[in-house]
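> My questions concern the predicted model and sequence given below.
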Amino acid sequence: MKPTFFMFRVDTALPLQNSCWLNLLQYCCPTSCLQAIGAYNVDVEVDGEKKTICFLDTPGHEAFSAMRARGARVTDLAIIIVAADDGVQPQTREAVSHAQAAEVPIVVAINKIDKPGADVERTKQGLLELNLVPEEWGGNTPMVPISAKKGIGIDDLLQTVCWVAEEKQLMANSSKLAAGTVIEAHLDKKKGPVATLLVQAGTLHVGNVMSCGACFGKVRILSNAAGSTITEAGPSIAVQMIGLNAVPQAGDEFQVHPSESDARAAASEASEELRAARIAEMSTTGSMVTLSSLATMDEDVDTLQRMNLIIKGDTSGVVEAIKGALQQLPQESVVLRYLLNAAGDITVSDVDLAAASGGMIVGFNLNPDETVQSHAKRLGVTINTYRVIYNLIDDVKAAMEGKLRAVQEKLHLGQATVKAVFGTGKKRVAGCLVDEGKLQKGAQIEVLRGKQVVHTGKVASLRRIKDNVEEVQSGLECGVGAEDFTSWQADDVINCFLSVTKTQRLEDAKAATAVDVSSL
């Protein structure tokens, strides 16, 4: 058995590219943080003994909550970074809740202590609301003041982490067949499926045969965070691995097997279980897709619209986050149907699928090549690519709202009472007093006689004394002529309004459930 330490971080206040977390990694391991595998190993010397810490990196954007929750589940210790000048933020609360739900120890790093306005004691006071009590106040949560930018307190933070890990006696067996979790995965044009793995038990060797969720394969290449090729990875080591037959999902568990037939069987069993679970979930929620339900959806266009969507991203974790964010959109009148959600480049076959289904393709951190773009243009398929997830969500929401039927609303202008009737025949007009608001030429009117509407039409003419006018305000008298109506009577009430066409918002629609066609 050998010691193994896992660390999980959740960015609590700042965008990832400008955050204290990036500064922290640059200080601890400047070569590793230049890579993009999302996990980094750092060697630390504590009491003269070398220790290895594995940092897991998850995005701080709110849409990536699922990734942060998954990170908390696969780690043994969590670092919560709180800015001393900002204090507890909503992201801080979420980060703490994930760590507490996973029942992992928490170490708080109070950052930016070098900035004017930094107040460490106030920050500790705010953390009390989250049931995090500093050790010096009689609690059991270590809190270390640091400046990630200047490197102040970083050694103290790493030593604190190691001491907590030793206290918890975190151990792993390095001699058994390797097992662990997929941190991230993507499809490389030249290398094929690439997975970032966190080895949690055993030692992973080049040449091992493994299953990974519904995928399987033989380990052909292992590389560390610095991009160097290695031959093995023990517990607490994060590596990039090449050799799987497909791109696994972030969060899938991997297991090394004695033979390829065992790995293939395990992957096949996992695939069937996953399919059965998805069908069962959709059946219980009423979102099961059948031929009859799809036919009903197509026919009942007045009550339900659908939008077919193909989501592609550079990594499986990003695709998962995008789908999770889109599922938070109201889908009570427009249903999102996910035809395909996958990591990898946008391909010609994706365009063909979108063309056949009338769907839209959204890509994240991708640049379709000219062949794909010209094919999409020829087939009339829309491809939208994004670098900011907020923009993607806003555009999909706008497209969904574009499918909603516009509604007519009455914009009330004013009310008048008929005092007398003048003229004969087709020239009969109503002498009115405007009670409130105004009457406007060309506007819509309803003529009420008691509680009954006797006429609906438009104001054809509006006269004030002897002049033709466009509108008459409250408190003034005027003559009103209506289109195709001359049967005025004294005491008739005229309601004047404009008929306005208004685009509906998703929030105002009726209930339906999102349909994931790709999961069937």
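That came in fine, so what should we check first?

> Could you check how far residue 462 is from residue 419?
Separation of residue 462 from residue 419 (C-beta to C-beta, to the nearest Å): 15 Å. (Glycine included, C-beta is placed from N, CA and C.)

> In terms of neighbours, single out the busier of these two.
residue 462 (22 against 13; other C-beta atoms under 10 Å).

> hang on, residue 457 in a strand?
Yes: using DSSP: H, G, I helix; E, B strand; the rest coil, the assignment for residue 457 is a strand.

> Tell me, what's the model's pLDDT at it?
pLDDT for residue 457: 92.

> One more: residue 26?
53.

> how about the helices in the stretch 251-400 of the chain?
260-284, 291-299, 316-326, 348-357, 370-379, 389-402 (DSSP state H, counting those that start in this stretch).

> how many neighbours does residue 490 have?
By other C-beta under 10 Å, the burial measure for residue 490, its neighbour count, is 11.

> can you check the one 4 residues further on too?
One way to gauge burial is a neighbour count; for residue 494, by other C-beta under 10 Å, it gives 23.

> Just the C-alphas of whichever strand or helix holds it, formatted as PDB.
Using DSSP states H and E, residue 494 maps to strand 493-502. Only the C-alpha atoms of strand 493-502 are listed here, as PDB (Å, rounded to 0.1, in the frame of the first residue of the first chain):
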ATOM      1  CA  VAL A 493     -69.200  53.200 -24.200                       C
ATOM      2  CA  ILE A 494     -66.300  53.200 -26.600                       C
ATOM      3  CA  ASN A 495     -63.100  51.300 -25.600                       C
ATOM      4  CA  CYS A 496     -60.200  52.300 -27.700                       C
ATOM      5  CA  PHE A 497     -57.100  50.100 -28.100                       C
ATOM      6  CA  LEU A 498     -54.200  49.100 -30.400                       C
ATOM      7  CA  SER A 499     -53.800  45.400 -31.500                       C
ATOM      8  CA  VAL A 500     -50.200  44.600 -30.900                       C
ATOM      9  CA  THR A 501     -48.400  41.500 -32.200                       C
ATOM     10  CA  LYS A 502     -46.100  40.200 -29.500                       C
END
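
> what helices or strands is it leaning on?
Counting contacts by 3 or more C-beta pairs under 8 Å, 6 or more residues apart in numbering; DSSP states H and E, strand 493-502 packs against strand 407-422, strand 429-440, strand 444-449.

> among those strands, which is nearest residue 317?
strand 407-422 (39.5 Å; C-beta to C-beta).

> Just the CA coordinates for stretch 408-425, please, in CSV.
Extracted C-alpha coordinates of stretch 408-425, given in CSV (Å, rounded to 0.1, in the frame of the first residue of the first chain):
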residue,chain,number,x,y,z
GLN,A,408,-52.1,39.4,-30.4
GLU,A,409,-52.5,41.7,-27.4
LYS,A,410,-54.7,44.6,-26.7
LEU,A,411,-52.9,47.8,-25.7
HIS,A,412,-55.6,49.9,-24.0
LEU,A,413,-55.6,53.6,-25.1
GLY,A,414,-58.7,55.1,-23.5
GLN,A,415,-62.4,55.1,-23.0
ALA,A,416,-65.2,57.5,-24.1
THR,A,417,-69.0,57.8,-23.5
VAL,A,418,-71.4,58.7,-26.3
LYS,A,419,-73.4,61.8,-25.2
ALA,A,420,-75.3,62.4,-28.5
VAL,A,421,-75.7,61.2,-32.1
PHE,A,422,-75.4,63.5,-35.1
GLY,A,423,-76.1,63.2,-38.8
THR,A,424,-78.2,60.7,-40.7
GLY,A,425,-77.6,57.6,-42.8
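
> mind listing what's buried in that stretch?
413, 414, 415, 416, 418, 421 (16 or more other C-beta atoms under 10 Å).

> mean confidence for that stretch?
89.

> Contacts for that stretch next, please.
428-440, 443-444, 474, 477-480, 486, 488-502 (C-beta atoms under 8 Å, 6 or more residues apart in numbering).

> picking up where we left off before, I'd like the helices of the stretch 251-400 of the chain written out as TSV, with mean neighbour count and distance to residue 113 added.
Listed next are the helices of the stretch 251-400 of the chain as TSV, based on neighbours: other C-beta atoms under 10 Å; distance: least, C-beta to C-beta, whole Å:
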stretch	mean neighbour count	distance to residue 113
helix 260-284	14	47
helix 291-299	11	57
helix 316-326	23	32
helix 348-357	18	49
helix 370-379	14	50
helix 389-402	16	31
